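Asker: Any chance you can model this:
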Amino acid sequence: MPPLRQVAWIGAGSGLVGLRFMFGSLEDAFWYQKDPWRAARNPLVVPMPVKPGHHGWVEDADEHALLDISPNPKRKPRVVVLGSGWAAINVLKSIDTTACEVRLVSPRNYFICTPLLPSVSTGTLSAQSICTPIRELMSHKAQPLWRRIYFMLRGYLPEEVRYYPAEAVDVDFDAKIVSCDPVSPDDATATTMCERGVGPTRFSMKYDKLIIAVGSANNTYGTKGVAENAHFMKDANDATKVQSTILGQFERASLPVVGVDANEVRHRMLSFYVVGGGPTGIEVAGEIADMINEDLAGSSTTAVNATGLGRAMYKNALQAVPSVTLVQSGNRVLAGYDASVSDIAIATLEKAGVNVHLESRVTEVSPGMIKIFNKKTGEIEEKPCGAVIWATGVGSRPLTRLVAFKLQQDNKRAIVTDHWLRVLGPDGTAVDGVIAIGDCATAARDASIAQSDAIFDAFDTNKNGDLDQAEFDAALKSLTANLRHDSHASRFVERVTERAKVIIESAAPFDKAAFKAVLDSADAVTRDLPATAAVAAQQGTYIGKMISKEFDGVPSFGQTNTQFEFKNLGQLVYAGKNVAIADLPSIFGEGQTVIAGESIMYALWRGFYWSTLSDMRTKVNTVLQWGLTSVCGRDTTRRSPLPNDTPPEFNRVDAMSSTK
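Answerer: Numbering: from 1, shown residues only. As a prediction, the model looks like this:
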């Protein structure tokens, strides 16, 4: 590129940045002059005009009515949003706050870009770079530029959303009241101040529309020791703990110890297990392998960063070889993706040094030890480990279970809704004003057990009242035809196949009763759509627009042509060694297009998730940290203190050394 053209591009970019900051300054000055509080104290300031029925920046005259159960006929309709995840945030972005007053209730005062959590767990990014404060997102400055210009032209701002740091604990559907407990400042996810008897106590709010978007919890499937001894990947704190644990194990392994099996002990400490073959598990395993190969222990091919300087800081101190193992209960990883994606992901992980164990299930996790049941051999293997990262399972939160119980719903994992995302009551009709979206909700689907007899009769070809393997496979294919997403067909198939395999191999009769029992167990855990950020974001946007239309008098809910439809734009996953895989809908009709690569696909993966960040601060911070990581390596600072207790492995080595 000629130098003159380079100068032109640099000048144009600088000019755009300058205009952006100039607009921000002019905008601040404009609203500062129209601040009603300044206008009340300075007669020279022109107050901001207030739209009829709109409060502008002035607080409600009867503020306690927010926390009062008495009706207020003068106020606008109130929308109460529970949660601060992908679904809730996209409701805030799409809802028209001039038509209603919005109240957000969440124990967490920030939004987090969850797909980038694996990068935080290895120091590629910091937790702050993927978290955005809720109050920033509620400001008018979080709106698109064209809307901010529109606000200035009309002369008044929409009413800002109010945020309450609390956790919803109960809902009265008849009185339309939601009860909330304020959160404690030292633990915003568990202990509440009202439980301690200090600070604010439980309060209640009336609502016209209640949007339940509380997300999901970790699901351990009742596996012994997981809750106490494994790490999760649900929040920024979880990712930070994973990084701290991995670095702590490397620091311990670098201590000067002697003994005939010292290196074996080090190897055990540096054995890391990731449980779950979904996108999160694949990305966590890939990121950990990258960090070990490029920054910690090194390998023969990747222990050099972009500067050409070795980053294997523990390579000379360790004689043991660290290991990363991925444990998956199914016969392939990424069950919701095209089958070829699984093969590519496994090949990439193995190239990065990750051991992939398929058809294996974790039965117990204890300090420094993991037990794995091998479905092929039927044996339980006991393996020493330095850390276990549990990256599988979507569980329900207490409020989700409470709502399902009150409304007599049968689903064990999520609140059942109709196709307009309205919560269904005991009689199968929509509960007035209550909506559930995101990971805590699933749309109603025809239960497989309802058609089990007809399917059994249709595929029992020899009419002996017992299904063999071929007949069962044909019946299962028919059952999965009504599932709306591939990942749920995979989950349903996996569950049904596991139960049916036990019956068929045991030579027990696979009659209608057994067939019903198998389908019933699968229905209880099958969701209509995947619990992913893409689904939650689309649902949030849909609900925000639908509620705005309803308050404007436009028919929305209940219309056949307004049902929520998830637009599958494809899926991206990072598998380590700078390789990203895209599973995209085919542009030529049915089927999927799978693309995998190192440079362009890796940039596409990063660019896509960068675009989902919510504000300019996190976007700039993320780009800068990616650049620093590529040049200087990952951040390997272990910020939490080392435990005072000595690992049992070192006690054993020291005891052996003292006897010599």
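
Asker: count of residues packed around G553?
Answerer: For G553, the neighbour count with other Cβ atoms under 10 Å is 8. For every residue, glycine as well, the C-beta is placed using N, CA and C.

Asker: cool, D511 as well?
Answerer: Residues lying near D511 (other Cβ under 10 Å) number 15.

Asker: tell me the contacts of it?
Answerer: Shown in contact with D511 (Cβ atoms under 8 Å, 6 or more residues apart in numbering): G465, D466.

Asker: Give me the pLDDT for it.
Answerer: In this model, D511 is scored at 72, pLDDT.

Asker: cool, V403 as well?
Answerer: 95.

Asker: any idea how far it is from W420?
Answerer: From V403 across to W420, the span is 17 Å (Cβ to Cβ, to the nearest Å).

Asker: more crowded one of those two?
Answerer: Applying other Cβ under 10 Å to V403 and W420 shows that V403 carries more neighbours, namely 28 against 18.

Asker: Return the residues in contact with the more buried one.
Answerer: So V403 contacts V171, I212, Q409, I415, V423, A436 (Cβ under 8 Å, 6+ apart).

Asker: so what's the first one bridging to?
Answerer: Listed by DSSP bridges, the beta-bridge partners for V171 are V178.

Asker: where do the helices sit along the stretch 401-550 of the chain?
Answerer: All helices of the stretch 401-550 of the chain, identified by DSSP state H, counting those that start in this stretch, fall at 452-459, 469-479, 486-505, 512-523, 533-551.

Asker: among those helices, where is the model least confident on average?
Answerer: Looking at the helices of the stretch 401-550 of the chain, the weakest mean confidence is helix 486-505, a mean of 58.

Asker: quick one: contacts of stretch 364-375?
Answerer: Contacts of stretch 364-375 (Cβ under 8 Å, 6+ apart): 223-226, 228-230, 268, 273, 327, 329, 357, 359-363, 379-386, 388, 390, 647-649.

Asker: Go ahead and build a PyMOL selection from the buried members of these.
Answerer: In PyMOL, this line selects whichever of these come out buried by 16 or more other Cβ atoms under 10 Å:
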select buried, resi 223+225+226+229+230+268+273+327+329+357+360+361+362+385+386+388+390+647+649
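
Asker: Inside strands: which ones of the contacts of stretch 364-375?
Answerer: 273, 327, 357, 360-363, 379-384, 388, 390 (DSSP state E).

Asker: ok, P115 to Q563 distance?
Answerer: 27 Å.

Asker: hang on, I meant G607
Answerer: 32 Å.

Asker: Quick check on these two: which one has the bigger neighbour count.
Answerer: Counted by other Cβ under 10 Å, G607 and Q563 do not tie: Q563 has more neighbours, with 14 against 10.

Asker: thinking that one is in contact with L421, fair?
Answerer: No. The pair Q563 and L421 fails to qualify as a contact (Cβ atoms under 8 Å) at a distance of 9.1 Å.

Asker: for K93, what are its contacts?
Answerer: Neighbour list for K93: L137, A142, G540, T541, G544 [criterion: Cβ under 8 Å, 6+ apart].

Asker: ignore the last one, E382
Answerer: So E382 contacts M369, I370, K371 (Cβ under 8 Å, 6+ apart).

Asker: Remind me which helix or strand the second one belongs to.
Answerer: Using DSSP states H and E, I370 maps to strand 369-374.

Asker: what are the pairing partners of that strand, and which direction each?
Answerer: strand 360-366 (antiparallel), strand 379-384 (antiparallel).

Asker: Buried residues, whichever strand or helix holds F250. List them.
Answerer: Using DSSP H and E, F250 sits within helix 236-253. Across helix 236-253, burial judged by 16+ other Cβ under 10 Å covers 236, 238-250, 252-253.

Asker: List just the nearest of the residues you listed to D208.
Answerer: A236 (33.3 Å; Cβ to Cβ).

Asker: Thought P118 was touching that closest one, still the case?
Answerer: No. Counting by Cβ under 8 Å, A236 sits too far from P118 to count as a contact (12.0 Å).

Asker: picking that back up, ranking by neighbours, what's the top pick from the contacts of E382?
Answerer: Result: I370 is most packed of the contacts of E382 (other Cβ under 10 Å), 25 neighbours.

Asker: State the distance from that residue to I95.
Answerer: In terms of Cβ to Cβ, I370 sits 46 Å off from I95.

Asker: W420 too?
Answerer: Distance, W420 to I95, using Cβ to Cβ: 16 Å.

Asker: can you check S121 too?
Answerer: 33 Å.

Asker: do the same with L349
Answerer: Taking Cβ to Cβ, one finds L349 at 42 Å from I95.

Asker: do the same with E287
Answerer: 35 Å.

Asker: again, but for T348
Answerer: According to Cβ to Cβ, T348 stands 41 Å off from I95.

Asker: Ok, L421 next?
Answerer: Distance from L421 to I95, by Cβ to Cβ: 14 Å.

Asker: T593: how many residues sit nearby?
Answerer: So T593, with other Cβ under 10 Å, has 13 neighbours.

Asker: does I211 count as helix, strand or coil?
Answerer: strand (DSSP: H, G, I helix; E, B strand; the rest coil).

Asker: Please report how far it lies from V416.
Answerer: 16 Å.

Asker: Same check on V321?
Answerer: To V416, V321 is 49 Å away according to Cβ to Cβ.

Asker: So which of the two has more stuff around it?
Answerer: Between V321 and V416, counted using other Cβ under 10 Å, the more crowded position is V416 (21 against 14).

Asker: List the contacts of that one.
Answerer: A404, Q409, D410, V423, L424, A441, T442, A443, A444.

Asker: Show me what it bridges to in the sheet.
Answerer: T442.

Asker: Need the per-residue pLDDT for it.
Answerer: For V416, pLDDT reads 91.

Asker: Next one: it from A404, what distance?
Answerer: According to Cβ to Cβ, V416 and A404 sit 7 Å apart.

Asker: Among S121 and I95, which residue is more densely surrounded?
Answerer: Comparing S121 with I95 by other Cβ under 10 Å, the one with more neighbours is S121, at 29 against 26.

Asker: hang on, the more buried one packs against A236?
Answerer: No. Using Cβ under 8 Å, S121 is not in contact with A236; the gap is 9.8 Å.

Asker: my guess is T325 is in a helix, correct?
Answerer: No. T325 is assigned strand when assessed by three-state DSSP, not a helix.

Asker: Next, the contact list for the residue nearest to L125 when sequence neighbours are not counted, please.
Answerer: The shortest distance from L125 to any non-neighbouring residue, by Cβ to Cβ, 6 or more residues apart in numbering, is to S119 (4.4 Å). Residues near S119 by Cβ under 8 Å, 6+ apart: L125, I130, E287.

Asker: Kindly report the same for H419.
Answerer: Neighbours of H419 in contact, by Cβ under 8 Å, 6+ apart: A443, A444, Q563, F564.

Asker: just F459 next, same as before
Answerer: L467, E471, F472, A474, A475, S478.

Asker: JSON lines for the residues you listed, including neighbour count?
Answerer: Formatted as JSON lines, those follow (neighbours: other Cβ atoms under 10 Å):
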{"residue": "L467", "neighbour count": "27"}
{"residue": "E471", "neighbour count": "18"}
{"residue": "F472", "neighbour count": "22"}
{"residue": "A474", "neighbour count": "15"}
{"residue": "A475", "neighbour count": "20"}
{"residue": "S478", "neighbour count": "14"}
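
Asker: State the number of residues packed around the closest residue in space to S216 that isn't next to it in sequence.
Answerer: Spatial nearest neighbour of S216, chain neighbours left out: D439 (3.8 Å); criterion: Cβ to Cβ, 6+ apart. By the measure other Cβ under 10 Å, the count of residues near D439 is 28.
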